[in-house]
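Engineer: The following block contains a protein sequence and its predicted model.
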Amino acid sequence: PYDLEATHNLSALFGRQTALIIIDERREPAPPDWFMQELAANYKLVAQFDEQLVYARVE
């Protein structure tokens, strides 16, 4: 369920579009640390709704 490569590939298909990743902090198990580090390095937190975090990246 945590696959940054798949997200990057989807972005490439649609050209210069915003790729979104939504993290639901209530979901178990929580995303692994390596995933969150990769996310922070490549995406920007753009919104937070209650316990959902929305990250975006423009290719």
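Structural biologist: Happy to help now that I have it. Only a predicted model underlies this, so the values are computations on that prediction, with no experimental measurement involved.

Engineer: Helices along the protein, start to end?
Structural biologist: Under the criterion DSSP state H, the chain contains helices at 4-13, 33-42.

Engineer: Out of these, which gets the lowest mean score?
Structural biologist: Of all these, the segment with the smallest mean pLDDT is helix 4-13, scoring a mean of 58.

Engineer: Please tell me the pLDDT value assigned to the nearest residue to Tyr43 once chain neighbours are set aside.
Structural biologist: Take Tyr43 and drop its neighbours on the chain: the residue closest to it by CB to CB, 6 or more residues apart in numbering is Tyr55, 3.8 Å away. Glycine gets a C-beta too; all of them are placed from N, C-alpha and C. Note on Tyr55: pLDDT of 86.

Engineer: Report the contact partners of Tyr55.
Structural biologist: Going by CB atoms under 8 Å, 6 or more residues apart in numbering, Tyr55 touches 20-23, 39, 43-46.

Engineer: how about a cut-off of 10 Å?
Structural biologist: When contacts are counted by CB atoms under 10 Å, 6 or more residues apart in numbering, Tyr55 is found next to 7, 19-23, 36, 39-40, 42-47.
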